[in-house]
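Below: sequence and its predicted model.
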Amino acid sequence: MRDRDRESADGTGDGELAVPMAWLYAEYIADELLRSGDLMPPTSFEFRAGRDALALTVFLSDTDGELSGIRVVTQLETWLSLTAYEQPWQEWVQGRLADLAVDAVASGRSAPNPDLELARDAWRWLRETELLAPDLNAVPGGAAAGGEDEGPKVWTPAWQLGLPLGHLAIHLF
């Protein structure tokens, strides 16, 4: 028997559980891109930062609401341009999240959008979590001195590590 107090996946309130398929699919695409690049262990915080940054990029760039497996390859160039160095990615994410929130209110939807809620949670984690990373600005020429674990380190917002990692994963795909 269905739970009558829950909204359906499309928010019609017919008693079915709302499933955030668009977000889950964006996260799946991001995960596959990162795993295929074999850049970080999937259990690391850096991997999570890359996956969340890429999933946000994939989810928020889907302006038609039609993430399709067939279109993934055609979207790679768009995702590359959005994640490129010195692009205003952070401002773009904040703007797209705000636009989607306004669209949800304008549509008269009574239930929260589970996809948008998960995207907001990912963005919050990327903004509020700091990871210890090599300080490339402190080393002449931007190269790490000695081994990977040597040299100066600095606490960096997770999105600043995840975004270049995601960008590189797209290139390697």
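Thanks, I have the structure now. This is a predicted model, so every value here is computed, not measured.

Buried residues, the strand or helix carrying residue 96. List them.
For residue 96, the host element (DSSP states H and E) is helix 89-106. Across helix 89-106, burial judged by 16 or more other C-beta atoms under 10 Å covers 89, 93, 96-97, 100, 104. For the C-beta atoms, the positions are set from N, CA and C on the backbone; glycine is no exception.

Go through those and name the one nearest residue 81.
Of all these, residue 89 has the smallest distance to residue 81: 10.2 Å, by C-beta to C-beta.

Chain neighbours aside, what residue packs nearest to the closest one?
Computed as C-beta to C-beta, 6 or more residues apart in numbering, the closest residue to residue 89 that is not its neighbour in sequence is residue 163, at 5.8 Å.

In this structure that neighbour contacts residue 53, no?
Yes: assessed by C-beta atoms under 8 Å, residue 163 is found in contact with residue 53 at 4.7 Å.

Which parts of the protein are helices?
Ranges of helices within the chain are 21-37, 45-61, 72-83, 89-106, 114-128, 158-172, based on DSSP state H.

what comes into contact with stretch 88-97?
53, 56-57, 60, 82-83, 116, 119-120, 123, 159, 163 (C-beta atoms under 8 Å, 6 or more residues apart in numbering).

where does the chain dip in pLDDT?
Scanning the chain for pLDDT under 70 picks out the ranges 1-17, 64-71, 109-111, 136-150.

Try it again at 80.
Low-confidence segments of the chain, defined by pLDDT under 80: 1-18, 63-74, 104-105, 107-112, 134-151.

how close does residue 99 get to residue 39?
31 Å (C-beta to C-beta, to the nearest Å).

got it, and residue 74?
Distance of residue 74 to residue 39, computed by C-beta to C-beta: 23 Å.

More neighbours: the two, which one.
Remark: of residue 74 and residue 39, residue 39 carries more neighbours, 17 against 9, as counted by other C-beta atoms under 10 Å.

Tell me who's in contact with the closest residue to residue 112 other than its chain neighbours.
Closest residue in space to residue 112, ignoring its immediate chain neighbours: residue 104 at 7.9 Å, by C-beta to C-beta, 6+ apart. Counting by C-beta under 8 Å, 6+ apart, residue 104 touches 112-113, 116.
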